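>>> Build me a structure from this.
(chains A and B)
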Amino acid sequence: MTPPAPAAPTLDAELFDGRSAAAQPVRLHIAHGQLHASNDALHQHWPLTAVRWPERERHGRRLAYLPGGAMLVGHDARAWDDWAAANGLHPSWLVRCMQSWRAVLAALLACVLLLGAAYRWGTPWAAQAVLGVVPPQVDADIGEAVLAQVDTQWFQPSALPQATQDALRARLAQAVQRAAGRHPTPAYTLHFRATPPGGLGANALALPGGHLVVTDAMVKLLADRPDALIGVLGHELGHVARRHGMRSLVQASLLAALSSAVVGDVSSLITAAPALLGQMAYARDFEREADDDAIALMRANSLDPAEMALMFERLQAERQARPGPRIELPIALSSHPADAERMARLRGAAGQPH
Amino acid sequence: MSTFDDSAWRGSGAPSQFPATRPVEPSVFGATVAPDAPRRAAIRFTASGSEYFRIWIVNLLLTLVTLSIYYPFARARKLRYFHANTLVDEQPLGFHGDPWKMLRGHLLVVLFLVCYGGAGRISPVAGGVAALIFAALWPALWVASLRFRLGNTSWRGLRLHFSGSLPGAYLAFAPFLPALLVVLAGALVGDHPEPETAKTLGIAMGLMLLLMLALMPLGLAQLKRYQHGHFNLGAERTQLSARTRSFYAFYLRSFGLTIITMVMVFATVAGVSLLVGAVALASGASKETLLALLPIAVMLAYLPFFFVLQPYAVSRLQNLVWNHTASQHVGFESRLRASSLAWRMLKNFFFMVITLGLYRPFAVVHTTRLRLESTQVLVQGDVNQWLDTRSATRAEAAGDAAGDVLGIDIGL
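This is a model prediction of the structure:
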């Protein structure tokens, strides 16, 4: 064994050999690329590169992991760090970042920007990319399954006369045809359904795979204003064309993953909240996009988008007439933008040149 | 126990039967253990919130930038920091996990969760099948994770290890089978809209639900007995002496507390609503405004459950389990108070909300400290005499290696 050079700084530590729980007090020094541990009874050494060194931290003991399961424990953290520095064992840039509040604040800022970008662009982009590889057949299958489910849960067969249904179908087909090129025109199937009393009422929904469902109540609500009904269907067609149903599925999963990465192991309530709020914000964006599609369809047919605002007025009037409590969720918790905002948009679109 | 992912070994407990009912036995080394009282060794947790904050932020940034590939490295750093700051009898724990092995486990778990999440959204049947597969794999994942975590933790240079077998884990999970059947029945009901079939399935589901509730405490007892019956350090191997009826008592008390909380919350909400309503109506607010506040009131009413029931259940379970965990020369004494934990959780929640989540590392450090430092270890005899005995049992070492290759760490 090479005796330690007189100038080599030494450090007191405890050696655990991995076989016995007894601590062996040793003196450490570094020479010729080797870490030496010695006391009166033993002298061992390991190549410096084979030692897993502790990272420099303010708290905690220093633990160096040695080949073969042995371990060194330094109970005086500062003495260990000084000794390591004196031997040229400098902390990595990453560890130095963690030591510096300035670097940590920069990292925090970067995290915030990154999360913001992931929310604003990353998640929708990823959803788009995922949908790019999901064949339309999957949409169709899901749509079929969901339609069967909502049919048993919410709907009954439509009571509208066949002639009314046919007329509406023809009218929509014509409107879509005229709008070709100016409005997304996906393949769709239009379904009419009745709702039980106290159920959904006047409503329309779009399911994956191009299934548009309109309730009898909605048709009756706008019986005298067929233009508004075309607007409503144009809105749902927008959802279909942009595959909003599928996109929200993918985006919701990605948001939940992001949220659990950041606040994961503290509380399930806290993890769920940002994911839910973000998901609702995405849903409101989808509604706005679909409203734009409705406006495009109506304009292409020389219809007045303000007609669609009428639907909101009538729905509001209907709701106010209904007895019982009305619960308006705060906007951050709602999946749709406020009616007032949507009406203003539709009316604003009416004023603009075609 | 989602607040705490290092509980496997470092949670805590006290000796019910240790050492009084245990006869003094000769130790493995031939020397006789002195019949004196066990020595109390404190557990100290010396990490600081601000330091973990700095580690966490840098880890988080790297994890986000690398699309979670860096996660195992971040996790290994966190565990090394937490272990080096956990002093049992003034000696720190070591964490020996290899992040590259943990990466394999991490990728596997991510892939699995993506498939699982995707299946549930495609159709209820696919979701049900995925849930069944998940449930069938869960005990194996759990054991792999326990083996990994304990096998990579050391104290005084001796590796801990988890010696529970895979069939043993499945056996321990057996009382949860009705829960699985409830999920299955639920998926089938969604798939069979015919009223007759749905009705039959519904009744079966209800019965299963009752059975599930009745077996839940037994299941927890079995699970903890399996888990706490296979911790090893040197020649020490723990046993859980808690009786099944203690777990039933634990569930009954938690249930009673739920009822009391529910009544109190309901009374408070009703009283406050009446008061606020009367005052607001008198001052001319519309009925609609008041009704708009209803969901907020409901959410506020939900919070007491978090801050009463959860701390109660977590603290009582920790005490029950660790106070009855003991090996030949080691026992535990856990004195975690529900009120301290409730206060801690309240503070965590409050600061998490006002800092938009930045308080998280502080919350983790403070909760860990509270749970660890409420525990003491009781040691009989001379710890310096302990030896690693694992080389003698090759089969167990092989089992450990299997868990280690994948590095599965689901953070129990």
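>>> Mind listing the residues bridging to the closest residue to chain B within the stretch 1-150 of chain A?
Here the residue of the stretch 1-150 of chain A nearest chain B is A:Phe16; by CB to the nearest CB that distance is 2.5 Å. (Each C-beta comes from the backbone N, C-alpha and C, glycine too.) Listed beta-bridge partners, A:Phe16: A:Met71 (assigned using DSSP bridges).
>>> Surely it and A:Ala37 touch.
No. Using CB atoms under 8 Å, A:Phe16 is not in contact with A:Ala37; the gap is 11.0 Å.
>>> quick one: the helices in chain B?
In chain B, the helices defined using DSSP state H lie at B:7-10, B:49-65, B:71-84, B:99-122, B:124-151, B:166-173, B:177-191, B:195-228, B:244-282, B:287-292, B:294-323, B:338-354, B:360-373, B:394-406.
>>> Including mean pLDDT, could those helices go into TSV?
Listed next are the helices of chain B as TSV, based on pLDDT from 0 to 100:
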stretch	mean pLDDT
helix B:7-10	39
helix B:49-65	92
helix B:71-84	91
helix B:99-122	77
helix B:124-151	81
helix B:166-173	92
helix B:177-191	70
helix B:195-228	85
helix B:244-282	86
helix B:287-292	63
helix B:294-323	84
helix B:338-354	91
helix B:360-373	93
helix B:394-406	46
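>>> Burial check on residue 349, number of neighbours?
In the absence of a named chain, chain A is used. The tally of other residues near A:Ala349 (other CB atoms under 10 Å in any protein chain shown) stands at 21.
>>> wrong chain, I was asking about chain B
19.
>>> sorry, back to before: need the helices of chain B in TSV (columns: distance to chain A).
Shown next, in TSV, are the helices of chain B (distance: least, CB to the nearest CB, whole Å):
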stretch	distance to chain A
helix B:7-10	11
helix B:49-65	5
helix B:71-84	4
helix B:99-122	5
helix B:124-151	8
helix B:166-173	22
helix B:177-191	7
helix B:195-228	9
helix B:244-282	13
helix B:287-292	5
helix B:294-323	6
helix B:338-354	6
helix B:360-373	5
helix B:394-406	12
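>>> of all those helices, which lies closest to A:Ala110?
A:Ala110 lies closest to helix B:49-65 among the helices of chain B, at 5.5 Å (CB to CB).
>>> Up against chain B, what does the stretch 101-250 of chain A have?
A:101, A:103-104, A:107-108, A:110-111, A:114-115, A:118, A:138, A:141-142, A:145, A:148-149, A:152, A:249 (CB under 8 Å from any CB of the partner chain).
>>> Just give me the neighbour total for residue 343.
All of this refers to chain A. By other CB under 10 Å, neighbour count at A:Met343 equals 18.
>>> Actually, chain B is the one I wanted.
B:Trp343 has 14 nearby residues by other CB under 10 Å.
>>> same check, this time on A:Gly69
Counted with other CB under 10 Å, A:Gly69 comes out at 16.
>>> Can you tell me the closest non-neighbouring residue to it?
Excluding the flanking residues, the one nearest A:Gly69 by CB to CB, 6 or more residues apart in numbering or on different chains is A:Gly18, at 3.3 Å.
>>> Can you verify my assumption that the one you found contacts B:Asp388?
Yes. Using CB under 8 Å, A:Gly18 is in contact with B:Asp388, at 6.6 Å.
>>> Check the contact lists of these two and give me the overlap.
Both A:Gly18 and B:Asp388 are contacted by B:158-159, under the criterion CB atoms under 8 Å, 6 or more residues apart in numbering or on different chains.
>>> Distance-wise, check the closest residue to chain A within the stretch 151-300 of chain B relative to A:Val73.
The stretch 151-300 of chain B approaches chain A most closely through B:Gly157 (2.5 Å), counting by CB to the nearest CB. Distance, B:Gly157 to A:Val73, using CB to CB, to the nearest Å: 8 Å.
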